[in-house]
Structure formats: structure tokens, C-alpha cells
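Colleague: let me see the structure of the following:
(chains A and B)
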Amino acid sequence: MTDKRISVAAVLAVSLVLGACAGKAPKTMPPDPGGAVSTAATDGGRTGPVPGSQADFVARMMGQDSIYFDTDRFNIDSADMAALQAQATWLARYPAKRATIEGHADERGTREYNLALGERRANAAKNYMVSLGIDAARLNTISYGKERPVALGSDEASWARNRRAVTVTID
Amino acid sequence: MKPSAVLVTLALFSAPILAQETVPPTQAAPEAAIEVLDESDWQDLGIAIPAFATNADVPTATSAGSTAALGTSLAQIITANLKNNGLFKPVGPETLPRPAYEEVRAPAYQTWSGRSAEMLVQGFVRPGEGNQLLVGCYLYDVALKQQLASAAWQVAPTDWRRAAHKCADLVYARLSGENPFFDSRIAYIAETGPKDRRMKRLAIMDSDGANHRYLTTGQTIALTPRYSPDYKSILYLSYFNGQPRIYIYDLERNSQRLLLQTSNPLFAPRWSPDGKWVLYSMAAGGNTDIYKMPASGGAAVRLTDAPGIDIGGSFSPDGKRIVFESDRSGSQQVYVMNIDGTDQRRISFFGGRSATPEWSPRGDQIAFTHIAGNLRIAVMDPSGKGMRYLTDSWQDEAPTWAPNGRIVQFFRTARGSGKASLWQVDLTGRNERRLPTPVDGSDPAWGPLRP
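Modeller: Sure thing, here's the model as predicted:
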């Protein structure tokens, strides 16, 4: 059904994103998702991550489990679309899997507004994946505002990495 | 948690007993005593605060020791209160002679004028009814040889510091003409740990940092507390089932509950000045709006419906208007509306972004965070005019007002480390100081004068 369409889209997306590699998406591991979800441990790499696990998702996304935003913005640009298409392809392959999309903001805003902004970013990512055919019921959103930065500096490069929405699949 | 639970219960029961015994001030204070001065001149007003006297040095049930030791501690607290707002130059009990009990109501003026003290605060402490304590407080003008104000309070042993705060309030109010504020408490978020994984706990303390207590363990993030006007509960944000929700912490029962059941994220809880209403902000599909509901529960009313993020909100002291924050124009700006949501109007037109507005308890000013590169604390009048900065640092945010509307507290984040600390500044912007907290602190919320 939609699986095929997504797979094709994903192949396009991957090449698209490789082409646009110098864009705003830094290659970093996502933050530990915290208490809300559990993360499967990768076991030494002899067999690799269990297919369909969060570890598998992280390995296959190669950084595309996160999308990035400009200051105060929440729009999905072409690099974000490519990443979300890759995520959607994976989720389509494992239809029993659910995911949480965590929205974040950089530290240069007020705390409460950033919570709402993070929610808005997570929701934008979710809406795009739903438009790709992923059942909305499989996707939760959560906002951490500026409370859980992944880059610890107080500079433009760190802030760019912190304005993000991270998809974490639920094992 | 058990011992502190007992403490709080005692404190609350004792509160109504406070301030029963008021000594009327001497009549006809001359007008010359109430000169209106520029605040910079007040820095030179010397106030001598010797140890409070006692009729007999007897043990007390307080943490300060006997009545004599307590007399010294009371004077020290009053000195620290009056020193820390930049208006006066108080001298504490360490370097002053201790007046005899009989001298409290008949000061040896020549002693104090010789020490170039313009004002003199004397007091006594002695056993009251049961295990309570009776504390008297007298303010004298040394040059005029005249009593300006006096009062006495009966306090429970656990509440002994309140007597000092009330005495400091008496002195401050009489000399400045402003309303008192020392006898108040602060809720805030205590922060520890690395920047990417800060532990954020709900904590409370007196206005001078004493009687500090953690309310939550830090297992889940706690943010943005607000004391109820009666000090019986605290609204705050925490995560529940992975979503930000609003909790009410009941300080009498030491229990907490969700404000309302919903699967939507909730932010920015606020009390109305009479404690009967709660404002909150709820996100739905990325759109955040402000709602109002009875604090006792019941149906919520949606106050905003603009696309975008409408968040926060602070009632005017008369309870008729609400100032809030919205990005409906493309960036965070400050708006006002009636309490039914009608007549929504933007009032911030300064360039940059304007956020976290808080209406002064006096009604004449709105404090907010102005963002133009750095985040700074600023004030404006309720029509959006007369904007001026109170702070100039890398990142200051989330102002909260002293009960008398003359001082603003906020939190300051350090560039790089992300470490946060509590600060306060007066309305001149000249008297800024850091509040002592056991660990890092953010999101201060100053409660009203204690009932």
C-alpha cells in the first residue's frame, strides 16, 4: 500500500539529503530520551542492532532522526522533509512501532515560550509524517523547550543544533 | 519529609495568632520626619539596630536559643533585611551596646546620636502565652528624640524569624512610605547537575533565603512555580506520562495533584490575585492558547484563539485585566485583554521581542523580559509607555514582583555553563544583588505579604 510509495520517496530523500549534506543538519547522536522511553542497548556490534529497535532506527537514520529549525521558526524545509521521509520509511517498515517526537529550543529564549515552541516544532514534524501516511496515533509529541540541550556551548553553532525535533521510537 | 511536614503545619496554625498585640505609635509625628527624598539620599540614612533586650534570659523553643540569643538574632535579621534593598545604611548588633530592657521604650538618645545614627530600632523579646514569644519593635528618630512607630507580635517558636521581618517591614514602611514586603516567601526551581541534564526541583524559602525547603525530588523536571495568594498551595509545571502538565502542590497536606486531566501539554500556570481563578496555557496541534478556570475545579473558558502561541498571563491587581504574551504578530510581544478575553491589544512596540509580562501588585508597572540579542529585565506602564531596562546582562528573564511592587526578582543564566541564579533589583535599576540559594536557582515567584 503506502509502503511502496514511502520506500521510493525514501530513496529519493536519502540521495537528496546526501546532496544537501552541508545544510543545517549536524551529524550528532540524539540525546538520551530520558524516562519517557527506553533505549535498547546496542550489544557490542557482533550482530548489530535488532531490526526494528530504537538502536536500529538510530543506526539507519545516520543523524536524520533529528531535524533542525531556524530561530523562532517551526517550518519544515527540504532537508527536514528528507529526514522525515527517511523516518517515515522506517516506521512504515515496522508498523507496530510507535514513536515520540521531542521538540526543543535553544537557550536564547524565555522558558515558557520555548516549551510552547518546542511543542510546535514537534507537532510540525508529526504533521509532516502524517501527511506521508503514518498513522497519527503512532506518533506522540513532547516538548522540552530549552531544558534539554544536546550542544552545550553558548554560541550560534550550538544553538542551531539545539533547535531541533528528535524522533525516538518506542521499544 | 516527615519532620518538615510537622514544621509547616505548626507554622500555618500559628499564623493567625500573629500580630494580635499592636502597640499604638506615639501621636503626632512631626511632618519633618517624613521628608520625601530621592532614593540615592536614603543610602546615607544610618539606622542603629542593637540587640533586642529581654526581661530575663530564659530558654526558648526556637532554633536561636535563649531569649537573649534570640534578641541578637532578631536584630541581625532586621539589619540584613534593611541593608539588602539599597535604601538605608543599617548597623547591626555586633558593634553596638545592648540596651537594657527598661531602655527599650526610653532610649538613651545621646548614646545613639554620638554614633551618628539618625534612626534607632530597639526591641524586646520575652516569653508569651504558652510556649509563644512576645516580640516588641520600636523605631525612633534620634535627632528629634521621638518615637516614630512601634508594634508587638506574639509568635510561635517556629515562626520567630517572622517577628524580625515584621519589624523590618514596620521600619521600611514608616521611613520609605512604601508598603511592606519582608514578611513574604519565595517559590523557585532549584537546579543541579550538568547543562544537558539539569535536575530541577521545586523549592521554597523566606524572602531572605531562610527556612529553605525542597518540595520535589527532581525525578521529573519541575518548572515555573507560583504561590497561591494564601500560601496554601503552589501551582507548577512538571512532566506526567511524558507531557508537561500543571500540578497543584498542597502545602498543608504535602501532596500534589494534577490541575486538570487532559492529554494536551499544559504550560504557564497563574493565580488570580484573589486566588479564585487559575490561568493556564494549553497546546493543541502546535497552537497554544490561554484558558481560565476556577481554582476549585470546573469548566475552563478559552480566552485567546489567535493562531500561534498565546502564553502566560498576569492579572492586574484589581482583577479586571490580564497581560499576556503572544507571537501572533510574528514574534513574542506583550498584549492586554479583559478577563473574559475581549479587547485584546498589543502594548509592546520597542523592537526586539517582549516576553513574560508580570503586572505589579501596585498596578502602575508591568515587568517583562526584553529580548534583543541579550535577555534583559524591563518595566513599562500598562499602556506600554515609559519602557526602561532594570538589568543589563547576558540573559535575565522571568521577573516576579515583591509584594509592594518596588523590587523585582528574576533569574540570570550564565553564558556557557548555563548555570542559573536568583537576583533582585529595585525599580531604579541601581540596587541589584544575588539571592543566596543552596544550589543554583531559576523561576523565582514572590508570594504576597503573608496573611
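Colleague: does the longest helix along chain A reach chain B?
Modeller: Identified as the longest helix of chain A according to DSSP state H is helix A:111-131. Yes - using CB under 8 Å from any CB of the partner chain, helix A:111-131 reaches chain B at A:111-113, A:115-117, A:119-120, A:122-124, A:127. Heads up, the C-betas are built off the backbone N, CA and C, glycines and all.
Colleague: using JSON lines, please lay out those residues together with neighbour count and pLDDT.
Modeller: Converted to JSON lines, these look like this (neighbours: other CB atoms under 10 Å in any protein chain shown; pLDDT from 0 to 100):
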{"residue": "A:Arg111", "neighbour count": "27", "pLDDT": "97"}
{"residue": "A:Glu112", "neighbour count": "27", "pLDDT": "97"}
{"residue": "A:Tyr113", "neighbour count": "30", "pLDDT": "97"}
{"residue": "A:Leu115", "neighbour count": "31", "pLDDT": "96"}
{"residue": "A:Ala116", "neighbour count": "31", "pLDDT": "97"}
{"residue": "A:Leu117", "neighbour count": "31", "pLDDT": "97"}
{"residue": "A:Glu119", "neighbour count": "30", "pLDDT": "96"}
{"residue": "A:Arg120", "neighbour count": "25", "pLDDT": "97"}
{"residue": "A:Ala122", "neighbour count": "29", "pLDDT": "97"}
{"residue": "A:Asn123", "neighbour count": "23", "pLDDT": "97"}
{"residue": "A:Ala124", "neighbour count": "23", "pLDDT": "97"}
{"residue": "A:Asn127", "neighbour count": "17", "pLDDT": "97"}
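Colleague: kindly report the residues of chain A close to chain B.
Modeller: So chain A meets chain B at A:31, A:35-37, A:72, A:74, A:100, A:107-113, A:115-117, A:119-120, A:122-124, A:127, A:140-144, A:147-150, A:152-154 (CB under 8 Å from any CB).
Colleague: related to what we said a few turns ago, just the residues of helix A:111-131 next to chain B now: which is nearest B:Gln365?
Modeller: Distances from the residues of helix A:111-131 next to chain B to B:Gln365 were compared by CB to CB; the smallest belongs to A:Glu112, at 20.5 Å.
Colleague: what's the nearest residue to that closest one if we skip its chain neighbours?
Modeller: Spatial nearest neighbour of A:Glu112, excluding adjacent residues (CB to CB, 6 or more residues apart in numbering or on different chains): B:Ala268 at 4.7 Å.
Colleague: how many neighbours does that neighbour have?
Modeller: Here the number of neighbours of B:Ala268 (other CB atoms under 10 Å in any protein chain shown) works out to 29.
Colleague: which helix or strand contains it?
Modeller: When elements are assigned from DSSP states H and E, B:Ala268 belongs to strand B:266-271.
Colleague: other residues contacting that strand?
Modeller: Around strand B:266-271, the neighbours that count as contacts under CB atoms under 8 Å, 6 or more residues apart in numbering or on different chains are A:112, A:115-116, B:224, B:226-229, B:235-237, B:243-246, B:259-260, B:277-283, B:288, B:290, B:295, B:311-315.
Colleague: keeping just the C-alphas, turn it into CSV.
Modeller: Taking C-alpha atoms only, strand B:266-271 is exported to CSV below (Å, rounded to 0.1, in the frame of the first residue of the first chain):
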residue,chain,number,x,y,z
LEU,B,266,-0.2,22.4,29.7
PHE,B,267,2.1,25.4,30.5
ALA,B,268,2.4,28.6,32.4
PRO,B,269,0.0,28.3,35.4
ARG,B,270,-1.0,31.6,37.1
TRP,B,271,-3.3,32.5,40.0
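Colleague: distance from the chain centre to it, please.
Modeller: Chain-centre distance of strand B:266-271: 19 Å, with CA atoms, centre = their mean, to the nearest Å.
Colleague: adjacent strands (with direction) for it?
Modeller: Here strand B:266-271 is paired, per DSSP bridges, with strand B:277-284 (antiparallel).
Colleague: could you find the closest non-adjacent residue to A:Tyr94?
Modeller: Nearest residue to A:Tyr94 in three dimensions, chain neighbours excluded: A:Gly52, at 4.4 Å (CB to CB, 6+ apart).
Colleague: wait, the one you found touches A:Lys97, no?
Modeller: Yes - using CB atoms under 8 Å, A:Gly52 makes contact with A:Lys97 at a distance of 6.4 Å.
Colleague: distance of the residue in the stretch 51-200 of chain B positioned nearest to chain A from A:Ser154?
Modeller: Residue of the stretch 51-200 of chain B nearest chain A, by CB to the nearest CB: B:Lys195 (5.0 Å). Distance check for B:Lys195 against A:Ser154: by CB to CB, to the nearest Å, it reads 10 Å.
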